[in-house]
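Enquirer: this one's structure only:
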């Protein structure tokens with residue numbers, strides 16, 4: 001094969017998004033040489049806001065990045081759930097004080113492009129070999145390594161390959177062979193300069209989730225409070241009817257027409273230029289074999305209702321770092337990747353499944369909406385912290401705590 005870039009003393013990461021860069025950074029921290037292959041001509045991210053729970057911010061802190069993330073992001077005071085029809089507050093999770101002590105880190109909201117830029121800079125400083133314009137077609141296991149084959153008769157030899165090529169992963173098709181699952185819901189996203197929104201929204205210090213029948217709206221500030229991020233999500237009637245094109249702006253308007261005036265006013269500031277149909281996949285029982293493994297959205301794409309897509313990709317990266325660090329001198333990659341899959345598949349499958357369930361709770365209508373509101377009203381902050389333990393602590397929490405104790 002022509003144009004073979006041969007260096008078996010390195011790891012290839014396929015995909016230069018947030019998950020791929022986090023994976024590369026973790027592996028470098030564990031002592032590995034890493035090349036990142038990105039199909040776009042430039043590294044970058046599209047989209048708007050990300051919510052980073054403490055299971056993610058603890059990891060960023062371990063890499064020395066939390067201070068910078070906090071500077072360009074926002075640390076909200078609460079997550080507040082309101083009924084989109086009445087504006088009634090039906091739940092509040094405080095994010096300061098006891099929250100940070102219990103979960104070992106803050107809750108940060110940040111623009112997706114800002115987090116990507118921070119990780120990209122960190123990878124460059126750490127010595128990652130960053131390549132763009134490389135469209136990977138397949139990965140071959142050579143027994144003692146892998147051969148990543150790309151368009152243009154190019155190939156890259158390595159000791160192992162980590163596939164972080166996202167929701168529409170080419171490499172997942174070779175490993176799992178499943179299809180995306182359309183939820184029937186559509187998102188419209190956008191940011192608005194704080195000066196262009198109402199005084200109430202300018203002073204917003206919380207993540208506010210307005211929940212309505214078959215729809216919800218999320219609002220929070222970004223970029224050190226200078227812009228307001230808004231995401232409107234609704235079930236598309238045209239999808240239910242089986243139409244190929246669904247979720248247009250007419251359906252967006254109709255989905256929120258019966259909501260409280262504050263919600264309707266917010267919808268006028270939502271970007272209408274692009275819609276995001278929402279997809280996930282069913283949990284997979286295998287993410288690869290030998291020296292190839294999936295990670296991030298390629299491994300466990302999930303609906304956004306628990307705000308965990310990015311967080312779980314960071315957990316993947318940190319888990320790999322721990323496993324490789326413990327086996328760094330002569331890494332037994334097949335064994336490391338088996339342990340990685342064994343550790344991560346049950347965890348991410350739970351998050352994927354419960355994200356779907358939480359979406360149903362948010363979008364409840366009729367008597368289910370009444371019951372939801374009444375039940376949430378009975379829960380104290382301590383009750384809510386207890387319900388969040390499984391999500392914000394998790395297995396990586398214990399690994400990080402053990403690492404801190406070892407250093408101390």
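Expert: Looks like it came in fine. This structure is a prediction, so every number in the text was calculated from the model and none was measured.
Enquirer: Run through who's touching the longest strand seen in the chain.
Expert: If you go by DSSP state E, the chain has its longest strand at strand 181-193. Outside strand 181-193, the residues that touch it by CB atoms under 8 Å, 6 or more residues apart in numbering are 47-49, 111, 222, 226-236, 239-240, 246-247, 249, 251-252, 269-272, 274-282, 303-304, 356, 359. Quick note: C-beta positions are derived from backbone N, CA and C, even for glycine.
Enquirer: change it to 7 Å
Expert: Strand 181-193 is touched from outside by 47-48, 222, 227-236, 239-240, 246-247, 252, 269-272, 275-282, 303, with contacts defined as CB atoms under 7 Å, 6 or more residues apart in numbering.
Enquirer: In helices, which of those fall?
Expert: Taking DSSP state H, the ones among the contacts of strand 181-193 that sit in helices are 239-240, 252.
Enquirer: between those residues, which is nearest residue 369?
Expert: Of all the ones in helices among the contacts of strand 181-193, residue 240 has the smallest distance to residue 369: 19.3 Å, by CB to CB.
Enquirer: what's the closest non-adjacent residue to the closest one?
Expert: residue 184 (6.3 Å; CB to CB, 6 or more residues apart in numbering).
Enquirer: For the one you found, the count of nearby residues, please.
Expert: Residues contacting residue 184 under the criterion other CB atoms under 10 Å number 17.
Enquirer: So it versus residue 162, what's the distance?
Expert: 32 Å (CB to CB, to the nearest Å).
Enquirer: and residue 42, that's in a helix?
Expert: No - per DSSP: H, G, I helix; E, B strand; the rest coil, residue 42 lies outside any helix segment and is coil.
Enquirer: Backbone dihedrals for the residue nearest to it when sequence neighbours are not counted, please?
Expert: In this structure, residue 42 finds its nearest non-sequential neighbour in residue 132, 6.0 Å apart by CB to CB, 6+ apart. Backbone torsions for residue 132, taken as degrees, to the nearest 10, come to phi -120, psi 170.
Enquirer: Which stretches in the stretch 301-408 of the chain count as helices?
Expert: 309-325, 333-362, 366-377, 381-392, 394-407 (DSSP state H, counting those that start in this stretch).
Enquirer: gap between the first one and the chain center?
Expert: Put plainly, it is helix 309-325. 12 Å (CA atoms, centre = their mean, to the nearest Å).
Enquirer: With the fourth one instead?
Expert: A distance of 20 Å separates the centroid of the chain from that of helix 381-392, by CA atoms, centre = their mean.
Enquirer: Provide the secondary structure category for residue 149.
Expert: From three-state DSSP, the assignment for residue 149 is strand.
Enquirer: so it sits right up against residue 137, yeah?
Expert: Yes - counting by CB atoms under 7 Å, residue 137 is a contact partner of residue 149 at 5.3 Å.
Enquirer: what's the distance between the nearest residue to residue 56 once chain neighbours are set aside and residue 105?
Expert: Nearest residue to residue 56 in three dimensions, chain neighbours excluded: residue 311, at 4.0 Å (CB to CB, 6+ apart). Applying CB to CB, the value for residue 311 to residue 105 is 11 Å.
Enquirer: Likewise for residue 245?
Expert: 42 Å.
Enquirer: Please say which of the two ends up with more neighbours.
Expert: Remark: of residue 245 and residue 105, residue 105 carries more neighbours, 23 against 9, as counted by other CB under 10 Å.
Enquirer: quick check, that one in a strand?
Expert: No - secondary structure of residue 105 (three-state DSSP): coil, not part of a strand.
Enquirer: List the contacts of it.
Expert: Counting by CB under 7 Å, 6+ apart, residue 105 has contacts 54, 57-58, 61.
Enquirer: got it, and residue 32?
Expert: So residue 32 contacts 11, 324 (CB under 7 Å, 6+ apart).
Enquirer: hang on, the earlier thing: just the buried members of the ones in helices among the contacts of strand 181-193?
Expert: With burial judged by 16 or more other CB atoms under 10 Å, the buried subset of these is 239, 252.
Enquirer: So which of the ones in helices among the contacts of strand 181-193 is the closest to residue 15?
Expert: The closest of the ones in helices among the contacts of strand 181-193, once distances to residue 15 are taken by CB to CB, is residue 239, at 28.4 Å.
Enquirer: Contacts only, for that closest one.
Expert: Residue 239 neighbours (CB under 7 Å, 6+ apart): 184, 246-247.
Enquirer: Against residue 182, how distant is it?
Expert: 7 Å.
Enquirer: Then residue 320?
Expert: Relative to residue 182, and taking CB to CB, residue 320 is found at 30 Å.
Enquirer: More neighbours: the two, which one.
Expert: Set side by side, residue 320 and residue 182 show more neighbours around residue 320, with 27 against 14, by other CB under 10 Å.
Enquirer: Which pLDDT value belongs to that one?
Expert: If you check residue 320, the pLDDT there is 96.
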